[in-house]
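1. Using only what follows, build the 3D model:
(one chain, ligands or ions: 1)
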Amino acid sequence: MECDSSCDLTAKLEEKLNLSQKEDAATDGDSDITLRPLDLTDVDDFMEWFADDNVSKFCSWDTFTSKEDAMNYVADIAIPHPWFQAICLNGKPVGSISVSPFHGTDRCRGELGYVLASKYWGKGIATKAVKMAATAIFVEWPHLERLEAVVDVDNPGSQRVLEKAGFRKEGVLRKYYLLKGKPKDIVMFSLLSTDPQVNYFM
Ligand SMILES: CC(C)(COP(=O)(O)OP(=O)(O)OC[C@H]1O[C@@H](n2cnc3c(N)ncnc32)[C@H](O)[C@@H]1OP(=O)(O)O)[C@@H](O)C(=O)NCCC(=O)NCCS
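-> Residues are numbered from 1 along each chain as shown. Reported below is the predicted structural model:
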């Protein structure tokens with residue numbers, strides 16, 4: 001698949017990141033993590049995580065059961081989204097990461113979301129992707145003051161990702177959202193554009 005100019009930006013931004021030893025492990029040897037926009041030819045890869053109950057467990061969407069639904073999601077949600085990228089391992093999409101903007105008086109904030117196919121868990125890939133996304137978004141959206149992430153209290157793996165990526169744990173918000181119809185508490189995390197760990201590309 002052809003890589004567009006966002007890959008160049010990602011590559012430059014990646015050089016600027018301070019990666020921990022664990023994230024370095026994700027890029028050891030022949031492995032390489034990059035971010036790029038999804039397109040319709042990615043649907044088969046996309047099904048690897050969107051058709052997985054382990055992945056959808058803490059997500060607002062239900063597990064996809066048909067390629068057609070996935071195709072529609074990519075066409076109607078992912079492609080028009082203002083910042084929705086595939087997380088690629090050696091060029092192959094293995095997950096996705098997004099930043100959703102807020103509007104009006106909340107436009108200083110964006111909300112981060114990410115998912116990874118379960119066979120790639122535990123290799124530092126999500127942590128590296130979060131650092132890359134955070135670095136990129138504060139450059140691409142200079143009006144953004146705060147990147148926040150809302151994580152289910154029962155999802156310690158995702159909380160750990162944000163801690164490792166330098167986000168601050170701000171507290172627990174009770175019964176904040178409905179997960180598959182059930183009210184759940186969440187942990188609120190944030191990273192500010194002025195936080196020293198945001199070593200972004202200028
Ligand atoms: C959350 C998710 C993205 C993490 O991806 P990943 O690439 O495995 O994350 P990393 O390897 O970078 O880091 C995971 C960390 O969580 C830890 N972890 C994983 N499961 C854990 C658990 N049940 N309890 C405590 N820590 C856990 C790992 O040990 C690792 O920390 P370490 O490096 O200190 O050992 C992935 O599990 C996923 O896609 N889950 C389903 C979707 C989801 O929950 N998305 C987030 C919604 S907010």
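
2. Quick check: residues of the protein near the ligand?
-> Within the chain, the positions adjacent to the ligand are 22, 55, 58-59, 114-116, 121-127, 151, 155-158, 160-161 by CB under 6 Å from any ligand atom. Yep, even glycine has a C-beta here, placed from its N, CA and C like the rest.

3. Mind checking which of those are in helices?
-> If you go by DSSP state H, the residues of the chain next to the ligand have K22, V55, I125, A126, T127, P156, G157, S158, R160, V161 in helices.

4. any idea how far the closest residue to A165 other than its chain neighbours is from D52?
-> Spatially, and ignoring its direct neighbours in sequence, A165 is nearest to V130 (4.2 Å; CB to CB, 6 or more residues apart in numbering). Distance of V130 to D52, computed by CB to CB, to the nearest Å: 20 Å.

5. out of those two, which sits in the busier spot?
-> V130 (25 against 17; other CB atoms under 10 Å).

6. chain center to the one helix or strand that one maps to: distance?
-> Of the helices and strands defined by DSSP states H and E, V130 is found in helix 125-140. Mean-position distance between helix 125-140 and its chain equals 8 Å (CA atoms, centre = their mean, to the nearest Å).

7. Enumerate every residue touching the residue nearest to W49 when sequence neighbours are not counted.
-> If you skip the residues right next to it in sequence, W49 has A117 as its closest partner in space, 4.1 Å away by CB to CB, 6+ apart. Neighbour list for A117: E48, W49, D52, V55, V94, G95 [criterion: CB atoms under 8 Å, 6 or more residues apart in numbering].

8. do D45 as well
-> Taking CB under 8 Å, 6+ apart, we find D45 in contact with A86, K92, P93, V94.

9. Distance of the second one relative to A149?
-> Think K92. 25 Å.

10. More neighbours: which of the two?
-> For K92 and A149, the more surrounded residue by other CB under 10 Å is A149, and the numbers stand at 24 against 14.

11. close enough to count as contact, R36 and F84?
-> No. If you go by CB atoms under 8 Å, R36 and F84 don't touch, sitting 10.5 Å apart.

12. So between these two, which is more surrounded?
-> The neighbour comparison of R36 against F84 (other CB under 10 Å) goes to R36, with 21 against 18.

13. what's the next secondary structure element after the worst-scoring helix or strand of the chain on mean pLDDT?
-> When the helices and strands of the chain are scored by mean pLDDT, DSSP states H and E, helix 21-26 comes last with a mean of 42. Downstream of helix 21-26, the next assigned helix or strand under DSSP H and E is strand 33-37.

14. just the CA coordinates of that following strand, formatted as CSV?
-> Below are the C-alpha coordinates for strand 33-37, written out as CSV (Å, rounded to 0.1, in the frame of the first residue of the first chain):
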residue,chain,number,x,y,z
ILE,A,33,5.3,0.8,14.3
THR,A,34,3.8,3.5,12.1
LEU,A,35,0.5,5.4,11.9
ARG,A,36,-1.4,6.2,8.8
PRO,A,37,-5.0,6.8,7.7
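
15. No further questions, thank you.
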